[in-house]
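In: Below is the structure, and that's it, no one-letter string:
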């Protein structure tokens, strides 16, 4: 049992599998008429989002509520955060409510780790800058194992803007930990120098995309780009767009959302049968329930779920 | 004979006998246990252990088993006066220097306001005369407001006491502006010291670009950002016949560029910091903002090239780039926190612990490079020589301490070595003939009163 989830590196393979098992039972709860379990009744979960987010913040909120926790959600706009309060002061203020967990999304790498040093609450990293997004990696592994079974020996291609992607960094680690082989592919200006140090392989073109079992497409992060990394979106689309002409039968397609339809992914690829994008969103709530449960309740009380 | 461009508050000269310490002064070819008698602030006598009877009124310090070095010289510190006294002041920064064994400090002009005109320089010199515990010199800016466009009145600033010129913290991006400054040096004198970095290559980088930055997803500063500018400016320095000093070298290609231009006759020198000589980007993996500095900690191969450069003399001296920041500033997330680490109170001890003890560098080389910085700007190199002003540091190399455990003399605590165990404890610092530091608990606390 771990205290915080700051990096996907905090979990070994057994830890990931334990969370996936629990997520499966929570996914079953989601199929019931009453979607709530009392596991976190009377406990408080604070969602602290310093960055725009739709699916991550809503799925964390829903996950905490389905575990019967009291939920406080704070966004930077309109809060004391916008009035210049430091992260440390904000965390200390919120800690006065004695929350069981703080879920934090920040535009800066390492912010979740810093918060963990300032509070007794369990801290969950919901994305820190371009560093990590561990719950996204967990829900991606969950979605893939639901679709394909074990990931051992599978080839997973992560395509697009790896440089600005925390999803890619957590994914590379998580997929490999589950036994898959990871290839990153994108414009040379959008692949970090020495990314191979993470154990993955680098490709510059999609020529060998057919070798992939899983094609994980990343969002072109215009909002994180302060300069031109590619000459044009047109040239990017010509070289790197994942579309039905480039996919073969048997491959599955994933994307962390939100999609730039027609840029990194063609419309027909988004909507095709091989697309797991909808399943990824559905997995989000169950996996985040499992993470909250893992950190706040732990192994011994597992039977309380059923 | 005193350096006319160093300023301090001139406490009374010391009278003390340091008995039986191992004196190591590479410049004077001394390496032996000796008694050192300091009378009226001057080294009066060197003798065999026990040979010098203690004169009446002099403090006696038993130093057997300890080392006496020429006190250290740091050509690169940020004292934050004027304008940022919440980080450091001339009083606290020089106290940190005294605690680290330094007898000469050279302060950078990137203050608020910038030291880019005579009136500001005169004001800091006046403050140093009142507050500086250790003789301190000042560089003035090369360009007004460090903007990289218009030259400061370098000649007038030199006459008013500037030891040289630097836009440290920022590069002189324009080769044309730099060339004019180097040409103008023929009138103004003074060494021109350069912080080398190509802002286009650095981009919004906050650490070394390499495997660690790839893993962390934070923007990297490539080593070529520094080395290409050294290659460029070494060429311009040679063309203009100018005297140029390259500040805080961080990577292998920079050492190579310095070596190349010196071998071709350019009058160029270079410095390296204790943190770049002992730490790498691996230390940044935990995103501790105390390890965020510019230039950044680089790869192991770069660190080794710096150590090799220091050993061979391609890198002339050690400089701390002591850069204090307040706690609330360093508590920001890594990418937002300001760049810089303090270094005065750990410099020699870090090098001794990480490089001398494991046998990578001889002690004499480290002592020589720790005392060479001021001489690059025309100051007297500290020596242990009869008849010269006493500039000595007494160090117990047998003792260990934990950095930060007893607090810092600096006003700030953003030390990249915080929490590490280092060997070597400074017990006494004598600068320009005065006792400026004596360690508590070393039995030397009375020395200041006696002198």
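Out: Thanks, I have it. None of the values given here were measured: they were computed from a predicted structure. Numbering: from 1, shown residues only, chains lettered A, B, ... in the order given.
In: Go through the chain and flag its longest helix.
Out: With no chain named, the answer covers chain A. Longest helix of chain A, by residue count under DSSP state H: helix A:277-296.
In: um, chain B though
Out: Ranked by residue count, the top helix of chain B under DSSP H comes out as helix B:224-240.
In: does any part of that helix sit near chain A?
Out: No: judged by CB under 8 Å from any CB of the partner chain, helix B:224-240 stays clear of chain A, getting no closer than 11.3 Å. Using the backbone N, CA and C atoms, a C-beta is placed for each residue, glycine as well.
In: mind listing what's buried in that helix?
Out: B:225-231, B:233-238, B:240 (16 or more other CB atoms under 10 Å in any protein chain shown).
In: Show me which of these is closest to residue A:236.
Out: Looking at the buried residues of helix B:224-240 and their distance to residue A:236, the nearest is residue B:225, at 26.4 Å (CB to CB).
In: my read: that closest one touches residue B:202, true?
Out: Yes: Residue B:225 is within contact range of residue B:202, at 4.6 Å (criterion: CB atoms under 8 Å).
In: which is the next helix or strand following the longest helix of chain B?
Out: strand B:243-246 (DSSP states H and E).
In: Can you pull out the residues in contact with whichever helix or strand comes after that following strand?
Out: Going down the chain from strand B:243-246, the next helix or strand is helix B:252-263, by DSSP H and E. Identification of contacts with helix B:252-263 by CB atoms under 8 Å, 6 or more residues apart in numbering or on different chains yields B:196, B:223-224, B:226-227, B:230-231, B:234-235, B:237-238, B:246, B:249, B:268, B:270, B:301-302, B:304-306, B:308-309, B:314-315.
In: helix or strand right after helix B:252-263?
Out: Moving toward the C-terminus from helix B:252-263, the next helix or strand (DSSP H and E) is strand B:267-272.
In: show me the contacts for residue 104.
Out: Just so you know, I chose chain A. Applying CB under 8 Å, 6+ apart, one finds that residue A:104 lies in contact with A:48, A:49, A:50, A:111, A:112, A:115, A:123, A:124, A:125, A:126, A:128.
In: Actually, chain B is the one I wanted.
Out: With contact taken as CB under 8 Å, 6+ apart, residue B:104 is in contact with B:3, B:6, B:71-74, B:134-137, B:373-374, B:379, B:382, B:391, B:431.
In: What about those residues, which one has the most neighbours?
Out: Highest neighbour count within the contacts of residue B:104: residue B:134, with 35 neighbours (other CB atoms under 10 Å in any protein chain shown).
In: Phi first, then psi, for that residue.
Out: When read as degrees, to the nearest 10, the backbone of residue B:134 gives phi -120, psi 140.
In: so it sits right up against residue B:101, yeah?
Out: No: with contact defined as CB under 8 Å, residue B:134 does not count as touching residue B:101 (9.9 Å).
In: Common neighbours of these two, please.
Out: residue B:429.
In: who's in contact with the residue of the stretch 351-451 of chain B found nearest chain A?
Out: Residue nearest to chain A within the stretch 351-451 of chain B (CB to the nearest CB): residue B:419, separated by 13.8 Å. Residue B:419 makes contact with B:402, B:403, B:404, according to CB under 8 Å, 6+ apart.
In: Likewise for residue A:233?
Out: By CB under 8 Å, 6+ apart, the contact set of residue A:233 is A:220, A:263.
In: The same query, at a cut-off of 10 Å, please.
Out: By CB atoms under 10 Å, 6 or more residues apart in numbering or on different chains, the contact list for residue A:233 reads A:220, A:222, A:241, A:260, A:262, A:263, A:264.
In: and whichever residue of the stretch 51-200 of chain B sits closest to chain A, what helix or strand is that in?
Out: Residue nearest to chain A within the stretch 51-200 of chain B: residue B:200 (9.7 Å; CB to the nearest CB). Applying DSSP H and E as the criterion places residue B:200 in helix B:199-202.
In: Tell me which helix or strand comes right after that helix.
Out: strand B:207-208.
In: List the strands paired with that following strand, with their directions.
Out: In the sheet, strand B:207-208 lines up against strand B:220-221 (parallel) (DSSP bridges).
In: who's in contact with the strand it pairs with?
Out: With CB under 10 Å, 6+ apart as the criterion, strand B:220-221 contacts A:192-194, B:197-198, B:201-210, B:212-214, B:250, B:281, B:294-296, B:298.
In: Whichever of the residues you listed end up buried, select them in PyMOL.
Out: Buried residues among those (16+ other CB under 10 Å), as a PyMOL selection:
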select buried, (chain A and resi 192+194) or (chain B and resi 197+198+201+202+203+205+206+207+208+209+210+212+213+214+250+281+294+295+296+298)
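In: No further queries at this time; thank you.
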